[in-house]
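S.K.: have a look at this prediction, sequence included:
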Amino acid sequence: MAKSLFRALAISVAIPIFGFLVAYAILADIDREYSSAEVPLLSELCPLKAVLSFGDLDAACGEYENIQLLRDGSALTGIVAIALILFYAVGAKLAGRNRALNAALFPTLIPLSLVVVSGMVIAQGAILTYGAYIGEAYAIERVHVYIIGAVAIGAIIASIKLISATFSLKGRLNMSVFGKTIGGDGHQPLIKFVDDIAARLSTKSPDNIVIGLDPNFFATAAVVNVLNENRALSGETLYLSAPLSRCFSKKELAAVIGHELGHFRGKDTAYSLKFAPAYSGLGKAIATLESGEEVGASAVAKIPAIAMLSLMYELFASNERSIGRERELEADKAGASVSSPEDMATALAKVAVFAPLWNVVHQSNIERLNEGKISRNLSQVFEDSTRFDVSKRDIGELVERILKTKISHPTDTHPTVKVRYDNLNFDAVGISADVLAKQGRSLHEIAPGLEEIEEELTLFEHKLMIALGAAEFPVDQDEKESHSFLNAMYALAATMIGADGKIEQEEVAAAERIGQSMFQGFDPVELRSFCNNSDSLPEFAKIIDVLGRMLHDEQKNGILGYLQKISEADKNVSEEETRLLDEVRRAWQIERVPAIG
C-alpha cells in the first residue's frame, strides 16, 4: 500500500511541479534582466501600474502576472492533490474494519472526490498547457501548438467524463437475474423450510425467494430485476441455484441458506446497499478514463486523475476485503449453527468444485442447439456432469484446488475456502471423492414442481441463446434416421450400464468414450439422459430385433463389442450383463465378441 501511495503522490504532483519550476525559472530570469538594467523589478512596478504609464508596462505586467499565477496555481494544485490523497489514506486507516464508518465515509466522499478530481484535471491541464507554451516560448522561441492544444482538449474530455460519472452514481444497488420467483400455496414447503432457518437464526425471513440456473446462492437487499418475468423485487431476496442444489443433501442446503440468511442477521445486506454502489461507481469512473480514445499528448492530463482514483479504489478495496472476510466467516458460523460445521464445509467444497462446471454445460448447450439438439433440463445435465467430473479426478488435487478457491458473489468478496475451514475448525481431510459425489437433490424434497421450474428455465435459456445470436437452431432436420440409430445406441448402452442395478461412472465413461469414437454424432448428454430415465427405456429385446433386421454383420459385431466393453469397464461383469450379451449373440447369431479398442 505504501508503494501505491508514493506512486499516486509522485504522479499527482508531477504536473504542478513542472508548472512551478517553469514559472519560477522564467520569473527569476525576468528579475535578473531588470536587475542588470538597474531598473525596478516588475514585482515592484506591477502593483503600481495603475498610476504608472510608461512604455509597455501593462503588457509586461500582464505576462508577468500570468506566470506568477502559473507558479501559485501549480503550488496550490499540488497541495490539493497531496491533501486529497492523504485525507483518503488517513480516512481509510481510521475506518478500518468498521462497517458503519466505511458505509458512511466512502459513499459520501466518492461523488465529492470525483468533482474535486474533475476540477484538478482542468487545473493540471491548464498548468501543463500554459507551462509548455510559455516554457517553449522563453526557452526556444518556438511553440508546438498542436501538441499543447491536444493536452488541453484531453483535459477537457477527461473532466467531462468524471462529471458524467458523478451524476451516474446510483444511490441504490440494482442487480439482474434470470429465474422463477417463488410464492403461493404451491411452494409452502420451501417457504416454511426457509422460515424455520430464519427463526433459528433470530432474523427475518427474506421477502422474496428466486430459483435460477446460475451456480450461485446469495442474499441481497438490492432491487432484484427478474428479467424473464419483467418484474423488480424490492426488500430482501434469497437466490437459490437449482443446478447446485442437486449436489446438496438437505442438511447441506440448510447450511447454505443459513449462511445467506446470516447476512441478514448481521445487517450485511444493508451495509452492501451503501457500500457497493460507491465501490462500483468509483471503479466505473476509472474504467471510463482508461478506456478513452485519447492517446499521446491528449492522454497526459488524465494520468494524474487515474493515479489518484486508483489509489482511492485500492484503499477502498482493502477495507472492503477485510470487512468481507469477517462477514463471510460470521455467516459461515450461522450456516453451521442450523446444520453442522461438516455440512457447511462440504457445501463449500461442492460449490468450489462444481460451480465452474456450469460454464462447460452452458457452452455445451450452445453447441448442441447449433446441432439441433435440445436438452429438456439443464439442471439434470449439470448433475450428470458433476457426477462424472468427480469420478475422473484425483482427490488430492481436488482438495488442494478447493482450499485455494474464493467462491464468487454478485456484490461481495470472499476469503479462501481454507480460511473458512479454519474458521469452522474443519479438517480438509474430511473431504473425499465419496463425499463430493454424494448428491441429495435437496431442493426437490422441499420444492414441489421444481422439475417443471427447471424445464421452464431451461427453455428460456434456449430461447435466450438463440435471441442473442449465440446459437442458431438448424432449420434442416434431415438427420432423423441418424438420430433414431443413435437413440437405439443410447438405449442399449443405458440398459447395459444399469443392468446390475446401479450406474457406475466407469461404465458411463467407457460408453461415452467408445461411443464417440464409433458412432458419428454420439452425444454424451443424451446418453446420460437415457441413463437417468432407465425406467422408461424401450425393451432391450425389441431394439435388438429391429436392429438385427437393419444392420449388416460388421455393424452388429461392432455394437456387440461396444456393449461388451461397457460391461467390463467396472472390472466386474455381472450375471445380468452376461445375460444381455448372450441375448444379443443369440439374436444376431454371433459366436464370439470382436475386439474393440
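M.R.: Sure, I can see it.
S.K.: any low-confidence regions in the stretch 101-250 of the chain?
M.R.: Per-residue confidence for the stretch 101-250 of the chain (pLDDT under 70) gives these ranges: 141, 143-148, 151, 165-173, 185.
S.K.: residue ranges for the helices of it, please.
M.R.: Ranges of helices in the stretch 101-250 of the chain, per DSSP state H, counting those that start in this stretch, are 145-168, 188-200, 242-245, 250-265.
S.K.: check these for me and report the most buried one.
M.R.: Most buried of the helices of the stretch 101-250 of the chain by mean neighbour count (mean count of other Cβ atoms under 10 Å) is helix 242-245; its value is a mean of 28. All C-beta atoms are positioned from the backbone trio N, CA, C, and that covers glycine.
S.K.: that helix: how far from the chain's middle?
M.R.: 18 Å (Cα atoms, centre = their mean, to the nearest Å).
S.K.: check stretch 365-373 too.
M.R.: Using Cα atoms, centre = their mean, the offset of stretch 365-373 from its chain centre is 25 Å.
S.K.: again with stretch 254-264
M.R.: With Cα atoms, centre = their mean, you get 21 Å for stretch 254-264.
S.K.: what's in contact with it?
M.R.: 193-194, 197-198, 200-201, 203-206, 217-219, 236, 238, 240, 248, 269, 327, 330-340, 343-344, 347, 351 (Cβ atoms under 8 Å, 6 or more residues apart in numbering).
S.K.: mind giving me the ChimeraX command for buried ones among those?
M.R.: To isolate the buried members of these in ChimeraX, using 16 or more other Cβ atoms under 10 Å:
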select :193,194,197,198,201,203,205,206,217,218,219,236,238,240,248,269,327,330,331,332,333,334,335,336,337,338,339,340,343,344,347,351
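S.K.: on that earlier part again, which one of the helices of the stretch 101-250 of the chain lies nearest to residue 406?
M.R.: Of all these, helix 250-265 sits nearest to residue 406, with 15.0 Å by Cβ to Cβ.
S.K.: can I get the closest one as CSV, trimmed to CA atoms?
M.R.: C-alpha atoms of helix 250-265 as CSV (Å, rounded to 0.1, in the frame of the first residue of the first chain):
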residue,chain,number,x,y,z
LYS,A,250,-30.9,-31.4,2.8
LYS,A,251,-28.6,-30.6,5.6
GLU,A,252,-26.0,-29.0,3.3
LEU,A,253,-28.8,-26.9,1.7
ALA,A,254,-29.9,-25.8,5.1
ALA,A,255,-26.3,-24.8,5.9
VAL,A,256,-26.0,-22.7,2.7
ILE,A,257,-29.4,-21.0,3.3
GLY,A,258,-28.4,-20.4,6.9
HIS,A,259,-25.2,-18.8,5.7
GLU,A,260,-27.1,-16.4,3.4
LEU,A,261,-29.7,-15.5,6.0
GLY,A,262,-26.8,-14.9,8.4
HIS,A,263,-26.0,-11.9,6.3
PHE,A,264,-29.5,-10.5,7.1
ARG,A,265,-28.8,-11.1,10.8
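S.K.: ok, which stretches of the chain are strands?
M.R.: Secondary structure of the chain (DSSP state E): strands located at 174-177, 180-182, 208-212, 218-220, 223-226, 231-233, 237-241.
S.K.: what are the pairing partners of the last one, and which direction each?
M.R.: For strand 237-241, sheet partners with direction are given as strand 208-212 (parallel), strand 218-220 (antiparallel), following DSSP bridges.
S.K.: number of residues surrounding residue 371?
M.R.: When neighbours are defined as other Cβ atoms under 10 Å, residue 371 has 13 of them.
S.K.: state the distance from it to residue 535.
M.R.: 27 Å (Cβ to Cβ, to the nearest Å).
S.K.: give me the domain ranges for this structure.
M.R.: 2-173+283-317, 480-588 (automatic domain parsing).
S.K.: of the ones you listed, which shows the lowest average pLDDT?
M.R.: Here the lowest mean pLDDT among the domains of the chain goes to domain 2-173+283-317, at a mean of 78.
S.K.: chain center to that one: distance?
M.R.: Between the centre of domain 2-173+283-317 and the centre of its chain there are 36 Å (Cα atoms, centre = their mean).
S.K.: span of that domain from start to end?
M.R.: 15 Å (Cα to Cα, to the nearest Å).
S.K.: go through the strands paired with strand 237-241 and name the closest to residue 11.
M.R.: strand 218-220 (36.7 Å).
S.K.: one step back: make a markdown table out of the strands of the chain and add distance to residue 265.
M.R.: Listed next are these as a markdown table, based on distance: least, Cβ to Cβ, whole Å:
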| stretch | distance to residue 265 |
| --- | --- |
| strand 174-177 | 21 |
| strand 180-182 | 21 |
| strand 208-212 | 17 |
| strand 218-220 | 10 |
| strand 223-226 | 20 |
| strand 231-233 | 20 |
| strand 237-241 | 13 |
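S.K.: of all these, which one is nearest residue 562?
M.R.: From the strands of the chain, taking Cβ to Cβ, the stretch that ends up closest is strand 237-241, at 36.1 Å.
S.K.: next, the angle helix 188-200 makes with the closest one.
M.R.: Between strand 237-241 and helix 188-200, the angle comes out at 120 degrees (axes from the mean of the first three to the mean of the last three Cα atoms, to 10 degrees).
S.K.: ok, and what's touching strand 237-241?
M.R.: 177, 179, 194, 206-222, 224, 257, 260-261, 443.
S.K.: now with 7 Å?
M.R.: 177, 179, 194, 206-212, 214-220, 224, 260, 443 (Cβ atoms under 7 Å, 6 or more residues apart in numbering).
S.K.: repeat for stretch 519-526
M.R.: So stretch 519-526 is contacted by 364, 368, 373, 375, 381, 482, 486, 489-490, 512, 515-516 (Cβ under 7 Å, 6+ apart).
S.K.: report the buried members of those.
M.R.: 364, 368, 373, 375, 381, 486, 489-490, 512, 515.
S.K.: so which of those sit within helices?
M.R.: 364, 368, 381, 486, 489-490, 512, 515 (DSSP state H).
S.K.: just put the residues you listed in CSV and tack on distance to residue 402.
M.R.: Shown next, in CSV, are those (distance: Cβ to Cβ, whole Å):
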residue, distance to residue 402
364, 24
368, 29
381, 23
486, 37
489, 36
490, 33
512, 26
515, 31
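S.K.: looking at those residues, which is nearest residue 467?
M.R.: Using Cβ to Cβ, these come closest to residue 467 at residue 368, 16.9 Å.
S.K.: against residue 465, how distant is that closest one?
M.R.: From residue 368 across to residue 465, the span is 10 Å (Cβ to Cβ).
S.K.: please pick the buried ones from the contacts of strand 237-241.
M.R.: Buried among the contacts of strand 237-241 by 16+ other Cβ under 10 Å: 177, 179, 194, 206, 208-212, 214-220, 224, 260, 443.
S.K.: can you give me the neighbour number for the spatially closest residue to residue 571 that is not a sequence neighbour?
M.R.: Of all residues not flanking residue 571 in the chain, residue 506 sits nearest, at 7.8 Å (Cβ to Cβ, 6 or more residues apart in numbering). Residue 506 sits with 16 neighbouring residues when counted by other Cβ under 10 Å.
S.K.: close enough to count as contact, residue 506 and residue 567?
M.R.: No: applying Cβ atoms under 7 Å as the test, residue 506 and residue 567 come out as separate, 10.9 Å apart.
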